[in-house]
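Student: build me a model:
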Amino acid sequence: MARMDFLCWRAATLLLLFASGLECISVHISNEEPMYIIPGSTLVLRAHIQYGSPDELAAVTWERQAESGAPDGRAALAACPGGSLPLAVQCAATRPNVRASVEREASVLHVSNYGKADVGVYAVTATGKAGQSSTARCIVREYEAVHHVTVSINVSHSSLVCGEAWGTEPRFSWLHERDAVTAGVGRVSPDGATLVVTKLPICGHFTCVVSNKMGYSSATYTAAPCEQSGISGSTVAIVCLVVLQILGGGLAFLLWRRYRNRNRGDRLREHMDDNI
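Tutor: As a prediction, this is how the structure comes out:
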């Protein structure tokens, strides 16, 4: 009898686990990492929903709250129906720039003309008819332009350090006298922010350019002028031209003087002949 009771208890447990498995609902957003949206563009969030029977899903809701978690920063964005959904169904949105839809295993949220008021933590909640629910969240921030680029020097390490205030996804590049930095001038750190100068002493103009999707900004460190290592090709050309001009002028002067002396001798002989 005890054995029969144990088997009945185990069978009931398995049935409960099987039933609870059918009622399980899970949801997750494709963009798990924080997202950065350029102002004026459209935010698109896609949530994948998993549940059991087609009629098990009761509702899907979208909302946004402040990243700090303040209760007053929470706002409902859209409410979607559940049930059997073979095709996409539009949801009821609470704002004119919000559009959402729900289908069999997914829900998509669009926020057009994204701005500062749309920054925060976006949450999607899928609720089953038995009351069970699952929520997924994604942090969405505003994509910031590059601001306040600076260049400082670390004399002891013969390096230049480029700094930027708060731009999103900054990319660094270096110029020396308006040309891209080569191995003969220095080497750039993996993140691009530091330039270790190998050409010593440090001289000339070093410019750090910081850019991202919204534009760029730059700053320049000016050292002592670089000494010329030799005469350039243009200098040689100018010197040759001056020398040729001097030689040409001297030759012309000699020819003119010779012609003048010759004419003077002819006139002198003519004068002597007239006197005789």
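
Student: show me what contacts V44?
Tutor: V44 is in contact with V108, L109, H110, counting by Cβ atoms under 8 Å, 6 or more residues apart in numbering. C-beta coordinates here come from the backbone N, C-alpha and C atoms, glycine included.

Student: confirm that the second one sits in a strand.
Tutor: In this case it means L109. Yes. According to DSSP: H, G, I helix; E, B strand; the rest coil, L109 belongs to a strand.

Student: partners of the most centrally placed residue in the chain in the sheet?
Tutor: With distances taken as Cα atoms, centre = their mean, the residue of the chain nearest its centroid is N212 (2.9 Å). N212 has these beta-bridge partners by DSSP bridges: G215.

Student: cross-check the contact I'm expecting between it and E164.
Tutor: No. Using Cβ atoms under 8 Å, N212 is not in contact with E164, being 9.4 Å away.

Student: any residues in contact with both of these two?
Tutor: When contacts are counted by Cβ under 8 Å, 6+ apart, N212 and E164 are jointly contacted by V146, P170.

Student: host element of D191?
Tutor: For D191, there is no helix or strand it lies in under DSSP states H and E.

Student: local confidence estimate at it?
Tutor: Each residue has a pLDDT score; the one for D191 is 95.

Student: state the distance from the nearest residue to it once chain neighbours are set aside to E142.
Tutor: Closest residue in space to D191, ignoring its immediate chain neighbours: F172 at 7.1 Å, by Cβ to Cβ, 6 or more residues apart in numbering. Going from F172 to E142 by Cβ to Cβ, to the nearest Å gives 22 Å.

Student: more neighbours, these two?
Tutor: More neighbours surround F172 than the other of F172 and E142, with 19 against 15 (other Cβ atoms under 10 Å).

Student: show me what that one bridges to in the sheet.
Tutor: V210.

Student: can you check Y122 too?
Tutor: R64, C138.

Student: count the residues that sit near it.
Tutor: 23.

Student: for E32, same thing?
Tutor: E32, neighbours per other Cβ under 10 Å, totals 11.

Student: check contacts around it.
Tutor: Contacts here follow Cβ under 8 Å, 6+ apart; on that basis E32 touches C138.

Student: ditto for N113
Tutor: With Cβ under 8 Å, 6+ apart, N113 has these contacts: G40, T42, N97.

Student: burial measure for the second one, as a count.
Tutor: So that's T42. T42 has 13 nearby residues by other Cβ under 10 Å.

Student: pretty sure it sits against Y114.
Tutor: Yes. At 6.6 Å, T42 counts as touching Y114 under the criterion of Cβ under 8 Å.

Student: next secondary structure after the worst-scoring helix or strand of the chain on mean pLDDT?
Tutor: Least confident helix or strand, the chain: helix 2-22 with a mean of 43, by mean pLDDT, DSSP states H and E. Note on helix 2-22: by DSSP H and E, the next helix or strand toward the C-terminus is strand 26-29.
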